[in-house]
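In: what follows is a predicted protein model with its sequence.
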Amino acid sequence: MNRAALLATCLLFVACGPTTPVTDAGVCSAFTCLGCCDATGTCRTGNEPAACGANGFSCVNCQASGQSCGGGACFAGSGGGSGGGGGSGGGGGSVGGGGGSVGGGGGTACTAENNDTFCYRNNAECDALTAADNCGATRTVNCGACTALEVCGAKVRNTCGLPELTLADEVVAPDGRGASDAMIRHDGAGLLHAFYLDLAEGDVFHAWRDSSGWHRELAIDAGSATVTLVGAGWDASSTLRLLLLFRTGTSSNYTWEYRRYTRSTAGSWARATPTLPTG
């Protein structure tokens, strides 16, 4: 049973019973502890009156406020209510009218989980999530945002991931012509880049996507040569680099040459030296 399934099973009951704390080299966190983390960084079962909690969050001392612990959450009362059928008030519970001391009907009050626990229990990392909380009430919570390179719901709803590495036809060929040899790259600033060949002219284009949409530029004019896109990316100084294979001549009499091209952040494309092997 995976961790998420185990946690969901535990939440169905008042307590899961004694368990062996899950730790990783002394580090207690949501990734290593099914219960709660105490002040010493120790993973506790999460069902103790003085150390109550779940999902690796900090333990809460329910006992200090006169509450009990069950299912990783504090609640008022001792689990059965003081009233039962009538309670200490004769015709009803001390609070609940016809039942228990808090919840009515002999039950105990449910303490709603916090937003972090709500999102974690539902495996949600980002955007708004509407679901039932641990008390059965429908709640809508914003579970956060993704990093610059990731998109919420790219592959799974409410989960961060990289977008599909494809381009729409109108992006790679805004003039209606086809494109081939597309290479998709993410830069360090959160932008998506594409390098591809225009099938009509054989030239190399560079396209990038920002908040306003896709843009493109002619990177290398192939002239009469046949070009193959071999590699594309950035070096440590944020300079764009292209490696191309140029082939000139006829099918029976031709020469080939690898060429490198570079482009600084604010510059234009230029052929780099030295020349690579030819044949």
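Out: Nice, I can see it.
In: so where is the stretch 1-150 of the chain shaky, pLDDT-wise?
Out: Per-residue confidence for the stretch 1-150 of the chain (pLDDT under 70) gives these ranges: 1-26, 77-108, 148-149.
In: let's go with 50 and repeat that
Out: When residues are selected by pLDDT under 50, those of the stretch 1-150 of the chain lie in 1-25, 79-106.
In: got the residue ranges for the helices in it?
Out: 3-11, 115-121 (DSSP state H, counting those that start in this stretch).
In: got it, and the stretch 151-279 of the chain?
Out: Listed in chain order, the helices of the stretch 151-279 of the chain (DSSP H, counting those that start in this stretch) span 169-172.
In: now do the strands in it.
Out: With strands called from DSSP state E, counting those that start in this stretch, the stretch 151-279 of the chain shows them at 151-152, 160-161, 179-186, 192-198, 204-210, 213-220, 226-234, 240-249, 254-263, 270-271.
In: switch those strands over to CSV; also include distance to Val60, mean pLDDT and mean neighbour count.
Out: The C-beta positions use only the backbone N, C-alpha and C, and glycine is treated the same way. Listed next are the strands of the stretch 151-279 of the chain as CSV, based on distance: least, CB to CB, whole Å; pLDDT from 0 to 100; neighbours: other CB atoms under 10 Å:
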stretch, distance to Val60, mean pLDDT, mean neighbour count
strand 151-152, 30, 80, 18
strand 160-161, 29, 81, 18
strand 179-186, 41, 70, 15
strand 192-198, 44, 80, 21
strand 204-210, 45, 82, 18
strand 213-220, 48, 82, 14
strand 226-234, 47, 82, 16
strand 240-249, 52, 84, 17
strand 254-263, 56, 84, 16
strand 270-271, 62, 84, 12
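In: so which of those strands is nearest Phe57?
Out: Closest approach to Phe57 among these (CB to CB): strand 160-161, 20.8 Å.
In: given the closest one, what are its sheet partners and their directions?
Out: Counting by DSSP bridges, the strands paired with strand 160-161 are strand 151-152 (antiparallel).
In: give me the contacts around the partner strand.
Out: Where contact means CB atoms under 8 Å, 6 or more residues apart in numbering, the residues beyond strand 151-152 that reach it are Glu125, Cys126, Asp127, Ala145, Cys146, Asn158, Thr159, Cys160, Gly161, Leu162, Pro163.
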